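Student: How does the following fold in three dimensions:
(one chain, ligands or ions: 1)
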Amino acid sequence: EQMPLQLTINGKARQLSIEPRVTLLDLLREQLHLTGTKKGCDHGQCGACTVHVDGQRVNSCLTLAMTTEGCAVTTIEGLAEGGESGDAATARLHPMQEAFIKHDGFQCGYCTPGQIMSAVACIREGHANSPDEIREYMSGNICRCGAYANIVDAIMDVKQ
Ligand code: FES
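Tutor: Presented below is the predicted three-dimensional model:
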């Protein structure tokens, strides 16, 4: 049975009809085709699915979409200015996205959207005062390629 869901996604109001058991991750990827948010483990272990709900980072795989009624959800597509239009020519990258490029904060890139959403939250929530503090905050975002040192450098760079 479908249920109504109203929320804002990347600044746009949406009126949706969803199954009550669907996760925010599956809603974003499968129903809305916002595939920047990645499914790694689907069990809250890897951070690849990290998005912001009302400015707080959450693992979207552990969040039932129904619980975001009335909330503002931001995905990696919404971080770049004009990003969700899909027009690379006019989109302006978020400073954290620029910093990940500058510091090589990725190799394969699969974990990168989640890393960047956590990195933005890390600074916003005031947990980027030292490399150790950043590592602690970012510890839920796994990178199989081991780009951790460069990710910390990118966050320190944006923090300054
Ligand atoms: Fe959500 Fe791994 S896919 S934490």
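Student: Break this structure into its domains for me.
Tutor: 3-84, 93-159 (automatic domain parsing).
Student: where exactly do the strands run in this protein?
Tutor: Ranges of strands within the chain are 3-9, 12-18, 50-53, 56-59, 72-74, based on DSSP state E.
Student: my guess is Val22 contacts Thr63, does it?
Tutor: No: under the criterion of CB atoms under 8 Å, Val22 makes no contact with Thr63, lying 10.4 Å away. The C-beta positions use only the backbone N, C-alpha and C, and glycine is treated the same way.
Student: Nearest spatial neighbour of Ala72, chain-adjacent residues omitted?
Tutor: Thr8 (4.4 Å; CB to CB, 6 or more residues apart in numbering).
Student: Can you give me the neighbour number for that neighbour?
Tutor: Per other CB atoms under 10 Å, the neighbour tally for Thr8 reads 16.
Student: Tell me the confidence at it?
Tutor: Per-residue confidence (pLDDT) for Thr8: 97.
Student: what's near enough to touch it?
Tutor: 14, 71-73 (CB atoms under 8 Å, 6 or more residues apart in numbering).
Student: Now tell me which helix or strand of the chain has the poorest mean pLDDT.
Tutor: Least confident helix or strand of the chain, by mean pLDDT, DSSP states H and E, is helix 76-79 with a mean of 94.
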